[in-house]
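Peer 1: model the following, please.
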Amino acid sequence: MEHEKTVLLVMDVQPGIIDRVENKEVYLAGITNTVAFAHKNDIPVLYVVVGFRANFPEVSPRNKSFQAIRENAAMQFITPQPVVALSEKDVLVVKHRISAFSGSDLDMLLRAQGIEHLVLAGIATSGVVLSTLREAADKDYQLTVLSDLCADSDKEVHSVLLEKIFPRQANVMTSEAWMQG
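Peer 2: Numbers count the residues shown, from 1 in each chain. Next comes the predicted model:
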């Protein structure tokens with residue numbers, strides 16, 4: 001595995017979203033172990049969080065997904081932070097849409113570092129993981145999806161994506177298999 005051109009993206013593992021994970025403690029332990037592996041092997045870790053300015057000027061009234069956040073004045077999205085502590089080498093990327101690329105500087109950061117391979121983990125499988133995978137594939141990144149570090153409130157959709165859709169554009173494996181690979 002060529003680590004110097006690989007990055008681990010931990011997406012939307014933040015307050016307001018992490019509570020959607022059924023077994024949060026096990027999920028977070030998996031994230032923590034995988035991040036530790038990445039750090040040990042000099043693989044950059046980028047945390048992608050969804051966030052907005054005060055009064056949510058980025059949220060269009062036509063955006064059904066984010067309008068609910070705006071209406072509930074979900075303050076945890078004003079100064080978003082991941083629930084996992086960042087090291088001094090980690091990078092925080094704030095996005096304003098579902099995909100990690102839309103409304104963020106992610107692509108610029110990846111290209112500036114010569115990154116070619118994205119390893120994806122995040123909440124939700126049918127949200128940020130799907131949208132980011134599709135856009136990254138269109139941008140010609142090599143992709144790996146860590147199946148056990150993706151979570152979705154809809155188990156059926158989660159399974160279909162991991163078993164039938166994602167393998168068309170990515171290697172899908174557990175975090176353990178990735179760390180051993």
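Peer 1: what does the longest strand along the chain rub up against?
Peer 2: Looking across the chain with DSSP state E, the single longest strand is strand 142-151. Outside of strand 142-151, the residues within contact range by Cβ atoms under 8 Å, 6 or more residues apart in numbering are 10, 20-22, 27, 30-31, 34, 116-125, 129, 133, 136-137, 158, 162, 166, 169-176, 178. For the C-beta atoms, the positions are set from N, CA and C on the backbone; glycine is no exception.
Peer 1: weed out the non-buried ones from the residues you listed.
Peer 2: For the contacts of strand 142-151, a burial check counting by 16 or more other Cβ atoms under 10 Å picks out 10, 21, 27, 30-31, 34, 117-125, 129, 133, 136-137, 158, 162, 166, 169-173, 175, 178.
Peer 1: thinking again about what came up before, the longest strand of the chain: what's the following helix or strand?
Peer 2: Next helix or strand after strand 142-151 toward the C-terminus (DSSP states H and E): helix 155-160.
Peer 1: send me stretch 128-148 as CSV with only the CA atoms.
Peer 2: Extracted C-alpha coordinates of stretch 128-148, given in CSV (Å, rounded to 0.1, in the frame of the first residue of the first chain):
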residue,chain,number,x,y,z
VAL,A,128,-21.7,12.1,3.1
VAL,A,129,-20.1,8.7,2.2
LEU,A,130,-22.2,8.2,-1.0
SER,A,131,-22.0,11.8,-2.1
THR,A,132,-18.3,12.1,-1.5
LEU,A,133,-17.5,8.7,-3.1
ARG,A,134,-19.4,9.7,-6.3
GLU,A,135,-17.8,13.0,-6.6
ALA,A,136,-14.3,11.6,-5.7
ALA,A,137,-14.7,8.9,-8.4
ASP,A,138,-15.6,11.6,-10.9
LYS,A,139,-12.4,13.4,-9.9
ASP,A,140,-10.4,10.2,-10.5
TYR,A,141,-9.3,9.5,-6.9
GLN,A,142,-8.6,5.9,-6.0
LEU,A,143,-11.2,5.0,-3.3
THR,A,144,-11.5,2.6,-0.3
VAL,A,145,-14.6,2.5,1.9
LEU,A,146,-14.2,1.2,5.4
SER,A,147,-17.5,-0.7,5.8
ASP,A,148,-17.5,-1.0,9.6
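Peer 1: fine by me, thanks again.
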